[in-house]
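> Curious how this folds, go ahead:
(one chain, ligands or ions: 1)
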Amino acid sequence: MAKQYDVLFRLLLIGDSGVGKTCLLCRFTDNEFHSSHISTIAPVPPLPTSFHSPCLSDGLPFYCRDTAGQERYQTITKQYYRRAQGIFLVYDISSERSYQHIMKWVSDVDEYAPEGVQKILIGNKADEEQKRQVGREQGQQLAREYGMDFYETSACTNLNIKESFTRLTELVLQAHRKELEGVRTRANHELALAELEEEEGKPEGPANSSKTCWC
Ligand SMILES: Nc1nc2c(ncn2[C@@H]2O[C@H](COP(=O)(O)OP(=O)(O)OP(=O)(O)O)[C@@H](O)[C@H]2O)c(=O)[nH]1
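Sure thing, here's the model as predicted:
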C-alpha cells in the first residue's frame, strides 16, 4: 500500500582493493575486525546478506553495499552507482596509490551516480601511523577540492567509524528532506530487501563471495 511513498536509502563503499571497505562495514554493522584480506569478488554476495540496516538518524533504514575494489569487477560495481544516495570513497593512508586513484573513483561517480549523490572521503587505516604515505592535510585538501567531508578512520581501532556513517546518513537525509516531508518511511527490513532484490536483480555469475564477514 502506498508503495510509491516509501523511501529507501542506499549507501555504497568504493575504493581500491585492500583499502578496507569490507572491514569498515563489518566494524560498523557488527563491531568486528578481520585482519586477513580476502578480496571481495564480484558479484558481491546476494542482496539479502550484502545489505545492512544501521537504522540511524530518526530510525530510517539505510542499506550499505560493499563493492569489489579490483579493476576487473568495475563493470559490475558501476551498475550499483545509479541507485545510490550516498557514497564513501575510501583510500588507505598507507598507500599513496590508493589516494591517487580517488580521482578516478570520483570521475566514475560523476559519470554513473545520480546528480546530488552525497559523498564522503575516507582515509582508512589511520592506526598505521608508521606506514603512513598520505598526510592528513592531503586528505583534507582533496576533500575540499571535491566538496566532500573528510574522515580518517580505522576499522582496526574503531576510529571515526560511527561518526563517518552517521555523517553520510545525515547528508543523505538533508539532501532528501523535501521528499521525506509527509512521506511514510519504510521500516520493514525484510520487505525492503525483497524489493531491492527485485529492483536490481541478481547479478550474473557465481553467487558467493569469498568474504566471510557477510555471514
Ligand atoms: N591496520 C589496519 N588494517 C586494516 C584496516 N581496515 C582494513 N584493514 C586490513 O586491510 C586488508 C583489506 O581489508 P578489506 O576490508 O578486505 O579491503 P577491501 O577494500 O574490502 O578490499 P577488496 O574487497 O579487495 O575491494 C585486510 O587485511 C584488513 O584486515 C584498518 O583500519 N587498519
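> Where does pLDDT dip in this protein?
Counting by pLDDT under 70, the chain shows low-confidence ranges at 1-7, 42-60, 182-193, 197-215.
> So which residues on it come close to the ligand?
For the chain, the contact set with the ligand under CB under 6 Å from any ligand atom comprises 17-23, 34-37, 39-40, 68-70, 124-125, 127-128, 154-156. C-beta here means a position set from N, CA and C on the backbone, and glycine is covered the same way.
> in the longest helix seen in the chain, what's buried?
The longest helix of the chain (DSSP state H) is helix 161-175. Within helix 161-175, the residues that count as buried by 16 or more other CB atoms under 10 Å are Ile161, Ser164, Phe165, Arg167, Leu168, Thr169, Leu171, Val172, Leu173, Ala175.
> just these now: which is nearest the ligand?
Ile161 (9.0 Å; CB to the nearest ligand atom).
> Does the helix or strand containing Trp105 pack against any helices or strands, and if so which?
Assigned by DSSP states H and E, Trp105 belongs to helix 102-112. Packed against helix 102-112 by the contact rule (3 or more CB pairs under 8 Å, 6 or more residues apart in numbering; DSSP states H and E) you find strand 9-15, helix 74-78, strand 86-92, strand 118-124.
> same thing but 6 Å
Under the contact criterion of 3 or more CB pairs under 6 Å, 6 or more residues apart in numbering; DSSP states H and E, helix 102-112 touches strand 86-92.
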